[in-house]
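Novice: My questions are about this predicted structure, shown below with the sequence.
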Amino acid sequence: MTNPIHHSATKLSPSSSSSSLSSHFTPKTLKKFHLYPSNNHRNHHHHHLRFSCCQSSKDSNFSLNQDSTFFSVLLALPKWVDSIQEKGLEKKRSLYDHGDWVQHRSSSRHVRHFLSSLGSRVILSLLPPVIVFTSVAVVVATYNTAVALAWLPEFFPILRASSLPYQLTAPALALLLVFRTEASYSRFDEGKKAWTKVVSGTNDFARQVIASVVGPDDSVLKTAILQYIVAFPVALKCHVIHDSDIEQDLKNILETDDLAVVLTSNHRPRCIIEFISQSLRSLDVDPTKLQVLESKLSCFHEGIGVCEQLMGIPIPLSYTRLTSRFLVLWHFTLPIILWDDCHWIVVPATFISAASLFCIEEVGVLIEEPFPMLALDELCEKVRSNIEDVMRNEKLIQARVNAKRKTHYKRDSPNGWTASLENRKPD
């Protein structure tokens with residue numbers, strides 16, 4: 001029988017030297033030959049392995065980069081929407097005048113509101129949930145279509161369910177959204193009423209100071225008290241609105257030294273109240289009038305309390321979370337519920353449902369914090385202009401009143417009858 005080792009060696013060796021090599025080949029040399037191939041073959045094999053590893057690592061890195069880019073885009077969308085929403089909250093509101101009310105109740109308002117939808121921060125804030133749930137509807141519709149066309153194995157079921165659970169839970173979802181929005185609006189209304197009291201109390205307090213402090217020795221303190229009164233609504237506004245520049249807002253109202261004290265305080269509105277209180281005690285006025293003036297400070301304390309309560313205590317978080325979870329679960333299962341009746345119409349139906357219901361919930365969340373929704377800058381400016389106008393006209397009004405009083409005194413007779421009745425001749 002021919003030795004297989006020698007036979008294989010004969011095949012591997014060149015034909016010109018087969019006879020000379022056959023007698024010198026041994027299993028040991030053949031083993032050595034197979035274990036240690038030539039340098040060219042070894043280098044070629046090494047480069048081939050390196051190329052395969054590099055190619056596979058490049059493919060894996062490419063897929064990882066694609067996944068990371070996809071997830072970064074998904075995460076960047078909510079951040080972009082949130083940044084736009086926060087910038088919208090920083091926008092200064094304005095008080096309505098007659099022209100604004102005419103435009104507000106215009107018959108073309110619906111067209112105007114629809115055309116401005118893309119610029120609405122409420123609409124933009126709906127992009128993440130609406131895109132997610134619409135994509136889920138597309139996936140469900142694609143899967144059910146593939147199963148119905150036998151593109152998938154038979155053991156894959158069609159995703160469908162009865163609509164009876166939705167019919168039973170729809171009123172509960174409607175009540176949740178209504179109560180959530182109503183609770184948010186009640187907070188907005190409470191914040192509006194609190195600021196109405198602050199503004200009216202500020203005007204009334206300034207009027208009392210102007211009417212009660214008439215001595216020439218108290219003119220400097222009188223002016224300072226009126227400055228503090230004007231500064232209080234501004235300080236309260238900066239206290240309840242994030243990232244407000246109180247130094248910029250108060251630099252044209254308070255003196256530099258007073259402003260420095262206010263800026264070092266931890267609670268700026270209460271610091272201004274203390275300025276007012278100390279200044280009132282330094283006035284040379286009747287104790288009864290002083291007591292009346294000090295009683296006006298209670299309106300300021302009440303305004304601070306209401307505003308801090310609204311800022312620090314939101315609607316119960318369990319209620320907010322329940323509404324959010326209910327909406328998410330509802331729209332995740334909506335394409336499955338509607339498939340039998342709508343088929344591919346589940347995609348626009350889910351889009352419309354998510355856009356509508358999440359929009360209602362988003363409005364409730366926005367107005368839950370009432371103060372960015374109010375025109376506080378214009379209210380503070382209105383208070384300042386009103387008080388400065390009264391201060392400018394104080395002497396003119398007082399001169400007119402004194403002139404009328406002198407005229408009335410001259411027309412009166414010593415016995416109390418007017419001159420016209422005294423000079424009348426008897427019939």
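Specialist: Arrived safely, thanks for sending.
Novice: low-confidence ranges in the stretch 51-200 of the chain?
Specialist: Residue ranges of the stretch 51-200 of the chain with pLDDT under 70: 51-75, 77-78, 80-82, 84-90.
Novice: same thing but 90
Specialist: Where the stretch 51-200 of the chain drops to pLDDT under 90, the residues are 51-95, 113-129, 147-156, 158-169.
Novice: do the stretch 301-427 of the chain as well
Specialist: Using pLDDT under 90, the flagged stretches of the stretch 301-427 of the chain are 340-342, 366, 373, 388, 390-427.
Novice: mind listing the strands for it?
Specialist: Under the criterion DSSP state E, counting those that start in this stretch, the stretch 301-427 of the chain carries no strands.
Novice: Output the contacting helices and strands for the host helix or strand of residue 227.
Specialist: Residue 227 is part of helix 219-240 when elements are defined by DSSP states H and E. If contacts are counted by 3 or more Cβ pairs under 8 Å, 6 or more residues apart in numbering; DSSP states H and E, helix 219-240 sits against helix 164-212, helix 246-250, helix 256-264, helix 268-281, helix 297-312, helix 376-411. Any C-beta I mention is one placed from the backbone N, CA and C, and that applies to glycine too.
Novice: what's the spacing between residue 319 and residue 190?
Specialist: From residue 319 across to residue 190, the span is 17 Å (Cβ to Cβ, to the nearest Å).
Novice: pLDDT on the helix holding residue 227, on average?
Specialist: Per-region confidence: helix 219-240 scores 94 on mean pLDDT.
Novice: How far off centre is it?
Specialist: Here the centre of helix 219-240 is set off from its chain's centre by 29 Å, with Cα atoms, centre = their mean, to the nearest Å.
Novice: any idea of the angle it forms with helix 297-312?
Specialist: Inter-element angle recorded for helix 219-240 and helix 297-312: 20 degrees (by axes from the mean of the first three to the mean of the last three Cα atoms, to 10 degrees).
Novice: residues near residue 177, how many?
Specialist: 20 (other Cβ atoms under 10 Å).
Novice: what does residue 361 give?
Specialist: When neighbours are counted by other Cβ under 10 Å, residue 361 comes out with 21.
Novice: Then residue 375?
Specialist: Counted with other Cβ under 10 Å, residue 375 comes out at 15.
Novice: swap in the one 5 residues further on?
Specialist: With neighbours defined by other Cβ under 10 Å, the count for residue 380 comes to 25.
Novice: Distance of it relative to residue 253?
Specialist: 10 Å.
Novice: Which neighbours do these two have in common?
Specialist: residue 234 (Cβ atoms under 8 Å, 6 or more residues apart in numbering).
Novice: Quick one: work out the angle between the helix holding residue 227 and helix 256-264.
Specialist: 30 degrees.
Novice: Of all the residues in helix 219-240, which ones are buried?
Specialist: By 16 or more other Cβ atoms under 10 Å, the buried positions in helix 219-240 come out as 221-222, 224-240.
Novice: Kindly export that helix (C-alpha atoms) in PDB.
Specialist: Extracted in PDB, the C-alpha atoms of helix 219-240 (Å, rounded to 0.1, in the frame of the first residue of the first chain):
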ATOM      1  CA  SER A 219     -41.200 115.500  51.600                       C
ATOM      2  CA  VAL A 220     -38.000 113.400  51.100                       C
ATOM      3  CA  LEU A 221     -39.400 110.400  53.000                       C
ATOM      4  CA  LYS A 222     -42.700 110.800  51.100                       C
ATOM      5  CA  THR A 223     -40.900 110.500  47.800                       C
ATOM      6  CA  ALA A 224     -38.900 107.600  49.100                       C
ATOM      7  CA  ILE A 225     -42.000 105.700  50.300                       C
ATOM      8  CA  LEU A 226     -43.700 106.200  46.900                       C
ATOM      9  CA  GLN A 227     -40.600 104.800  45.200                       C
ATOM     10  CA  TYR A 228     -40.700 101.700  47.400                       C
ATOM     11  CA  ILE A 229     -44.400 101.300  46.700                       C
ATOM     12  CA  VAL A 230     -43.700 101.400  42.900                       C
ATOM     13  CA  ALA A 231     -40.900  99.000  43.400                       C
ATOM     14  CA  PHE A 232     -42.900  96.400  45.200                       C
ATOM     15  CA  PRO A 233     -44.900  95.000  42.200                       C
ATOM     16  CA  VAL A 234     -41.700  94.800  40.200                       C
ATOM     17  CA  ALA A 235     -39.900  92.900  42.900                       C
ATOM     18  CA  LEU A 236     -42.800  90.500  43.300                       C
ATOM     19  CA  LYS A 237     -42.900  90.000  39.500                       C
ATOM     20  CA  CYS A 238     -39.200  89.100  39.500                       C
ATOM     21  CA  HIS A 239     -39.800  86.900  42.500                       C
ATOM     22  CA  VAL A 240     -42.400  84.700  40.700                       C
END
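Novice: and the angle for it with helix 164-212?
Specialist: Using the same axes, to 10 degrees: helix 219-240 against helix 164-212 is 170 degrees.
Novice: how about stretch 299-318: buried residues?
Specialist: Result for stretch 299-318 [16+ other Cβ under 10 Å]: buried residues 299, 300, 303, 304, 306, 307, 310, 311, 315.
Novice: No more questions from me, cheers.
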